[in-house]
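In: sequence plus the predicted model coming up.
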Amino acid sequence: MEGIGTENHPQGEKWEVWREYLDLLAAHQGKRTRFRVRFFPWSFCWEEPGLAKSPWKVIDPAGPRYNLYEFNPRFWELARRICAYAAEKGLFVEFVLFDRCSLERWQPGERWFRHPWNAACGGPIQAPNGKGHFYTLAEPDNLYLFSEPFSDDWPWAKQSQWFQQRYVKQAIDTVGSFASVYWEIVNEMEGFNDLRVRWVQHWIDFLHAHAPPRPISFSGLNAFRGDRAFYTLPGLDIVQCHGDSKRGPHDAMTHLTALREYGKPVMLDEAFWHGRRPENWQRPSREQQKIERWSFWQALVAGGHTTAVCWQPFEERPIHDWLKVFAEFVDQTDFARLEPHDDLLVALPAGVHAHAAAQPGREYVVYCTVDEPFTGGPLTLALKAGTYVLRGVEPTTGRELRRERLTVTNDEPIAVKLPAFGEDVAVHLRVETETGNSE
């Protein structure tokens, strides 16, 4: 599932800090349920590029000005070490190749004002912002432009394409050999016109031509509108989107189910705290931490995946222990075959919100949340006939609140007794085998 790492952190240039963070993540994942680190190389567009944050050589940090002809060996060595160690620890790395946010003209001193493609910073694009221009490819079918000698006489669009290809090839050559690394082409694409779709297709084709076979992703902001143009592209392997849910914390992930229509894994990034944003991103309230925990369980039963909230410190937080419980629970399910099945929820106790996933007749997972402590009561489910082992797990501790053997004699709805719980509970039913164990 999802962990998040970002170098947008005061200590993000130090390998020792990354190693400690990766050790922390590895200690909290399961045997089959793994963390993903989302490696984001564009933080330097928001802050001083430092010694290792920029993929390119920095000529003048104050300007800033970059030399796009020369890579920064400190950055790439750090990237290589992170990816190598992550592979050793069984962690996945999603390498974010490009970032739309950095192309925006924001307040002076950040984003496009610090972007290496900006002519003021030494790049080829003379424009008030990079949106549109950055996606303009002079030769979109040319997947080998980077191998040609660069010419100052080229038009700006060809120069830009050459620098982009050379950068992506550098990423492939540095970390592409690690089987745990896969690619996100761009973070938070804001539009879906032909120019942008063709640009994304170019990078799918480029990665297929030059990189070992790995999943390829893309994230946008219009999952239920124009981003269909991206999700249906041949070679795009993951349906990935960003944005807060407008449905409230009890139902925050239900919209992920609809995105399964593409037949691909579904990922929601940067869900934040579902409309309840904190004053201090790095120090969320107890309520926000609870909503963050809920989102993982809700994503599981909705048939998708989500992430821990980004921009938090490289240190242990409650979510890590909660995700350890989550990973151990998911490891005991046949999660790849679970499908969303809220239709199996016939009746809920007052005050209880619930969502379900199932392999009907074999396995069921029901996740329940409440605003106030629940004292226990009946949950009516539509189960297939059979004998099941039922257990109720407390997501904050992993403690079993209830375990029993349940026999369903026909396909009529049956009332299952929910244990008392404070904020949430996960109920797992699995068909019993002839030996008396659950399958």
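Out: Sure thing, it's come through. Every value quoted in this text rests on a predicted model; they were computed, and no experiment measured them.
In: okay, now the unreliable bits of the protein?
Out: Per-residue confidence of the chain (counting by pLDDT under 70) places the weak regions at 1-10, 243-246, 270-279, 281-282, 311-313, 434-439.
In: pop the domain breakdown of it in here.
Out: Taking automatic domain parsing as the domain assignment, the ranges for the chain are 15-335, 339-431.
In: any chance of those in JSON lines, with mean neighbour count too?
Out: C-beta: built from backbone N, CA, C; applies to glycine. As requested, the domains of the chain are exported to JSON lines (neighbours: other Cβ atoms under 10 Å):
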{"stretch": "domain 15-335", "mean neighbour count": "18"}
{"stretch": "domain 339-431", "mean neighbour count": "17"}
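In: what sits closest to Trp297 if chain neighbours are left out?
Out: In space, not counting the residues next to it along the chain, Trp297 is nearest to Tyr367; the distance is 4.5 Å by Cβ to Cβ, 6 or more residues apart in numbering.
In: in terms of helices and strands, where is the one you found?
Out: In this assignment (DSSP states H and E), Tyr367 forms part of strand 363-370.
In: so what strands line up beside the following helix or strand past that strand?
Out: Remark: after strand 363-370, the chain's next helix or strand is strand 377-381, criterion DSSP H and E. With DSSP bridges as the criterion, the sheet partners recorded for strand 377-381 are strand 345-347 (antiparallel), strand 414-418 (antiparallel).
In: I'd like the next helix or strand past the shortest one.
Out: Per DSSP H and E, the first helix or strand lying C-terminal to strand 345-347 is strand 352-359.
In: now that following strand, how far from the chain's geometric center?
Out: 22 Å (Cα atoms, centre = their mean, to the nearest Å).
In: and that strand, which strands flank it?
Out: Taking DSSP bridges as the criterion, strand 352-359 pairs within the sheet with strand 339-340 (antiparallel), strand 363-370 (antiparallel).
In: take the ones you listed and lay them out in a markdown table including distance to Glu188.
Out: A markdown table is the format used below for these (distance: least, Cβ to Cβ, whole Å):
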| stretch | distance to Glu188 |
| --- | --- |
| strand 339-340 | 26 |
| strand 363-370 | 28 |
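In: which residues sit against stretch 82-95?
Out: Around stretch 82-95, the neighbours that count as contacts under Cβ atoms under 8 Å, 6 or more residues apart in numbering are 3, 15, 18-19, 22-23, 25-26, 29, 34-39, 41, 79, 171, 175, 178-184, 217.
In: what is the end-to-end distance of it?
Out: Between the opening and closing residues of stretch 82-95 there is a gap of 11 Å (Cα to Cα, to the nearest Å).
In: stretch 100-109 now?
Out: The separation between the terminal residues of stretch 100-109, taken as Cα to Cα, is 17 Å.
In: ok so, going back, could the strands paired with strand 377-381 go into TSV alongside distance to His320?
Out: Output for these, formatted as TSV (distance: least, Cβ to Cβ, whole Å):
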stretch	distance to His320
strand 345-347	30
strand 414-418	27
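In: all helices for the stretch 251-400 of the chain, in order.
Out: Taking DSSP state H, counting those that start in this stretch to define them, one finds helices in the stretch 251-400 of the chain at 286-302, 318-331.
In: will you turn those helices into JSON lines that also has distance to Pro349?
Out: Output for the helices of the stretch 251-400 of the chain, formatted as JSON lines (distance: least, Cβ to Cβ, whole Å):
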{"stretch": "helix 286-302", "distance to Pro349": "18"}
{"stretch": "helix 318-331", "distance to Pro349": "22"}
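In: nearest to Met189, out of those?
Out: Using Cβ to Cβ as the measure, helix 286-302 is the one of the helices of the stretch 251-400 of the chain that comes nearest Met189, at 21.6 Å.
In: pull the residues that contact the lengthiest helix in the chain.
Out: When the chain is scanned for its longest helix (criterion: DSSP state H), the result is helix 156-175. Residues outside helix 156-175 that contact it (Cβ under 8 Å, 6+ apart): 55, 68, 71, 76, 79-80, 83, 93, 95, 97-98, 117, 123-126, 133-134, 136-139, 142-143, 145-146, 148, 150, 154, 181, 203, 206-207, 210-211.
In: next one: it to chain centre, how far?
Out: Averaging C-alpha positions (Cα atoms, centre = their mean) puts helix 156-175 24 Å from its chain's average.
In: beta partners for Thr387?
Out: In this structure, Thr387 bridges to Thr407 when assessed by DSSP bridges.
In: kindly report the same for the one 4 residues further on.
Out: As for beta bridges, Arg391 partners with Arg403, His428 under DSSP bridges.
In: which residues touch it?
Out: The neighbours of Arg391, taking Cβ under 8 Å, 6+ apart as the test, are Glu400, Arg402, Arg403, Val427, His428.
In: and the strand holding Tyr367, how far out from the chain's middle?
Out: Worked out by Cα atoms, centre = their mean, strand 363-370 lies 22 Å from the chain centre.
In: for the residue lying closest to Ser102 once chain neighbours are set aside, what are its contacts?
Out: In this structure, Ser102 finds its nearest non-sequential neighbour in Cys45, 4.0 Å apart by Cβ to Cβ, 6+ apart. Shown in contact with Cys45 (Cβ under 8 Å, 6+ apart): Asp99, Ser102, Glu110, Arg111, Trp112, Arg114, His115.
In: the fourth one contacts Arg100, doesn't it?
Out: Put plainly, it is Arg111. No: distance between Arg111 and Arg100: 10.1 Å, which falls outside the contact criterion (Cβ atoms under 8 Å).
In: the strands in the stretch 51-200 of the chain, which residues?
Out: The residue ranges that make up the strands of the stretch 51-200 of the chain, judged by DSSP state E, counting those that start in this stretch, are 56-60, 65-71, 92-99, 181-187.
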